[in-house]
Structures are given as structure tokens and as C-alpha cells.
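> return a 3D structure for these sequence lines:
(chains A, B, C and D)
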2 protein chains.
Amino acid sequence: MAPPARRTGRPRNAEVDRAILAATRSALVELGWSKLSLGDVAARAGVAKTTLYRRWAGKNELVVDAVAVTFDELELPDRGSLRADVEGVVLQFARLLERPETKTALMAVVSESTRDTGLRDRVRAAIVDRQKRLVLLGRERAQRRGELPPDAPGTEGAAAAGRAADLIFDTIAGAVVHRSLVSGEPVDAGWAGDFTALLLDGLTGARGGAPERGGATE
Amino acid sequence: MAPPARRTGRPRNAEVDRAILAATRSALVELGWSKLSLGDVAARAGVAKTTLYRRWAGKNELVVDAVAVTFDELELPDRGSLRADVEGVVLQFARLLERPETKTALMAVVSESTRDTGLRDRVRAAIVDRQKRLVLLGRERAQRRGELPPDAPGTEGAAAAGRAADLIFDTIAGAVVHRSLVSGEPVDAGWAGDFTALLLDGLTGARGGAPERGGATE
DNA sequence: CTCTTACGCTACGGGCCGTAGCGTAACTCT
DNA sequence: AGAGTTACGCTACGGCCCGTAGCGTAAGAG
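Numbering: from 1, shown residues only, chains lettered A, B, ... in the order given. Take a look at the predicted model:
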């Protein structure tokens, strides 16, 4: 992260980076992804447009960095059970996606990253991979509680554990994103409870796919 | 759909619509969402730019219509069991998302729809809601097979069934989209099997969250 | 006090947008 | 047939934003 090979010359002003990223988030809130222009961001940040282009290659990279820090707010406090932990993280993630800047930016950069491998790596490093820690933590905790069986030993077991974590991550994050952004319906306590029940017990499980909850809508 | 109040004047050329939508898909493949320009689409279609603007309000609406037909290709043949049906639709949906035009367009219009309620309605009507039929069909089939309990009677039971269908839809579609577009990793037979097992049996189910499959990667 | 880098400012060619204005084509109704 | 109405093509335009070049100044390192 820190550029070590930069000893001579005038040092960069870290405040400029902070101002640009903050201005980007503010512009995302007011204008949304498509109407956001880099000239406008530079003006908001009180910075020359050229300065902005010296640090970021374009809109995509800038917005990824501007939004990435927001996702680091996610935490996973120990709520006592796997069920409560999942429900908590679902609601927390949903609240994050309700914010206008993340809502409009996340899917846009994902869309762009389908045609730009460099951007794809940036998104994965800055946003996606960093949140897998929550799954790993939650799984480990549940295993210590005895709610989930421990990983099989050896490299093969570790690989299976990694696949399982990836699968759970895609399932949870995907469902919340789809419900909230694609279907466009609220992720409230009722839905979180229904989803958690489905994830833990399965379609053919105790609840039989016809959830009894959902009264807490709105 | 058909405009009934249009009797007088020169009728619209349906071929023009087809040409424009086809040109839009072709441009999406070659240029992607962000570099797609309406002037370029008009030129590809052999049509005046003004004609294009007389039929669609802008890029968003045009692309939604151009891509919507692609999603109607999804089918749900009876594969004999709920497990096989889910696995089949997962792989089918994943193949759809591998196509360059859908890959780049879907998330882009979803991103735009977060700031445009009209577009949101269009996306839901043209793409999202139409695919829920697959969930309803699969559920009904599984109930007839006895793999899932029947819906509770009465309006309350119908509401619960609707919520369950929505939940399953968001979970399946969300996981596939997230795996394929956000995580950027392939949805192959191994992953489809793992995911289906998780969906049917749950995290705490027989498989315990550490899937044994996944050998069929690639 | 020189070298190097960061930053601000101005200016520019270029692309695409979305629309206006006009002429022509196709079809309906009287 | 003629009048009315709508569809389509073409040209042209102001406007916004892009990304960069060119220059002058500021702030550190040696």
C-alpha cells in the first residue's frame, strides 16, 4: 500500500486523497453512477482535474476506492448462535446496501468489471475478498459451539473448507443483493429470519419451505 | 402490448424494432455497456438516430428490452427430482450469464434502476418477475412428488407460499449472479451440486457445510 | 540551491448526447 | 382522389464531458 520508493520530490498530500474520495461519495449520493463526472468530483474536492487523473485511471477505479472503505464497517459480533450471527450479518449488509452511494456504485462497478480484468481484480481485492473474513469467522465460531462439524484434516479438508466458505459467502451476499437491488424489496427482520431458516435448515428441512414468520414486514 | 389506438397514419415497421434490438445486442457484445452509444446502434441497425429516440427514451430502456428476450429462453424440464431440477436451472442460468451481452447489461441496468423508478418497474416486468414462473413451477412439481409439503389453505397460506417462492428465487438467482459476476468464478457442475445440496439440506444438514463434491471443476 | 515530484490552471480536439427542422413515405378516412 | 396523420431518413446544432498537454508554482530531498 505505502509507496516505499518515493523519497525525493514533493510528497503527496494525503488530505487530497481523502477529499477526492469524500467528494466522490457525495457525488454518488446526489448524482448516481451514470451522471457522475470526474470534473464535478474535482470541483467538489477543491482540486484540479489533472490531480485526480494523476492518481486514478478513471471513474471505475475511483469509485471502487471511494466505496471500498464503506464495506469495512461490517462486523460480526458474537450473538451467541449461528442463527443469530447469520441474521445479524444479513441485516447489517442490507443496511449497507440501502445507502445511496453503495447501492448505485456496487452493481455499476461489477458490471464494468465484466469487461476489464484489471478492474475485476481491484474490486475483488478491495471489496469482495475482504468480506469473506466474516464467513470464516462465523464458521469457526459455529464449529467451536458445536453447531457445525469441524473441518476435515489435511490439505484436502482445508480445500473443502475454503470451498464451503466461498459457497456460503456467495449464497448470503447474493441473496441479500438480489432481494434488495434486483427484486427491489426490503430486507427486513422478517425476511432475514426466513432466509436464515432456509440457509440453516434447507428447503426440505423443518420449515418445509413455507416460512411462518414474516409478520414484521415494514 | 399491442397499441390499439393507432389506426391512422403510416404504421410502424416492426422490422425496424427487430433490427434495433439485434444491433443493440451485437453492440453490447463488442463494446460492453459503458462504451455503447446510441448513434452506433442506429448505424448498425441501418436506421436514423431519430427513429431510435422516437421509440426508446434512452440507453437504459433500450438495453432492457434488448436483453429481456434472452431471459425467456430459460426453461424447467422435469428432471425427476427437486434436486435435479434445481441443479439444472442453476446451470442453465449460469450459462445465460456467461453470454457477454447479458453479463455486461444485467448489472448495469440494475444499477441504473436504483435511481429511476420507471426503469425499475421496466426491469421487474421484463426480466425479474417473468422468471419467478420457474420457481413456482418447480415448487409445485416438488409438492406433487411429495418432496415438499403442500401450501397451507386459505389466503394466509397463499401469502406464505408467495413469500417462500420469492425467497427461493432471490436465493438461487442471487447466489448464481454473485458467484459468477461478483466473485467472478465459474458456476460449474461441482459448484451447482454443492449449492443445491446447501439449499436443500441446509448448513446444519446432512452435509454439514463441508461439501464432498467439487471434483468436477472446469 | 539544484533536482525532483506534486499541484493548480488554462486550453484544446474529440466524442456522444438529445433535439429541431425539413422533406418524403405509407396508410386511413371522407 | 385528395386531405389528414403518422413514420422515417437526413442534416445540423449547442452542450457536456472526456482525457491530455503545456506551463508556472510549491514543497520536500540531496
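> which non-adjacent residue is nearest the residue nearest to the spatial centre of chain A?
The centroid of chain A falls nearest to A:Phe71 when counting by Cα atoms, centre = their mean (5.0 Å). With sequence-adjacent residues excluded and distances taken as Cβ to Cβ, 6 or more residues apart in numbering or on different chains, A:Phe71 is closest to A:Ile127, at 5.3 Å. Using the backbone N, CA and C atoms, a C-beta is placed for each residue, glycine as well.
> show me what counts as buried in the longest helix anywhere in chain A.
When chain A is parsed with DSSP state H, its longest helix is helix A:154-177. Residues of helix A:154-177 classed as buried: A:160-161, A:163-177 (neighbour count, 16 or more other Cβ atoms under 10 Å in any protein chain shown).
> just the CA coordinates for the next helix or strand after that helix, please, in CSV.
Under the assignment DSSP states H and E, the closest C-terminal helix or strand after helix A:154-177 is helix A:189-201. This file holds the C-alpha atoms of helix A:189-201, laid out as CSV (Å, rounded to 0.1, in the frame of the first residue of the first chain):
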residue,chain,number,x,y,z
ALA,A,189,-36.3,-8.6,10.1
GLY,A,190,-38.9,-10.9,8.7
TRP,A,191,-37.1,-11.7,5.5
ALA,A,192,-33.8,-12.1,7.4
GLY,A,193,-35.4,-14.6,9.6
ASP,A,194,-36.9,-16.6,6.7
PHE,A,195,-33.7,-16.6,4.8
THR,A,196,-31.6,-17.7,7.8
ALA,A,197,-34.0,-20.5,8.4
LEU,A,198,-33.7,-21.6,4.8
LEU,A,199,-30.0,-21.4,4.9
LEU,A,200,-29.6,-23.4,8.1
ASP,A,201,-32.4,-26.0,7.7
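> is there contact, residue-wise, from helix A:189-201 to chain B?
Yes - judged by Cβ under 8 Å from any Cβ of the partner chain, helix A:189-201 comes into contact with chain B at A:191, A:194-195, A:198-201.
> quick one: which of those is most hemmed in?
A:Trp191 (27 neighbours; other Cβ atoms under 10 Å in any protein chain shown).
> so which residues on chain A come close to DNA strand D?
For chain A, the residues in contact with DNA strand D (Cβ under 7 Å from any atom of the strand) are A:7-11, A:35-40, A:49-50, A:53, A:58-59.
> now for the residue nearest to the centre of chain A: which residues touch it?
A:96, A:102, A:127, A:130-131 (Cβ atoms under 8 Å, 6 or more residues apart in numbering or on different chains).
> so how do I select the buried members of those in PyMOL?
The buried subset of those, as determined by 16+ other Cβ under 10 Å, is captured in PyMOL by this line:
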select buried, chain A and resi 96+102+127+131
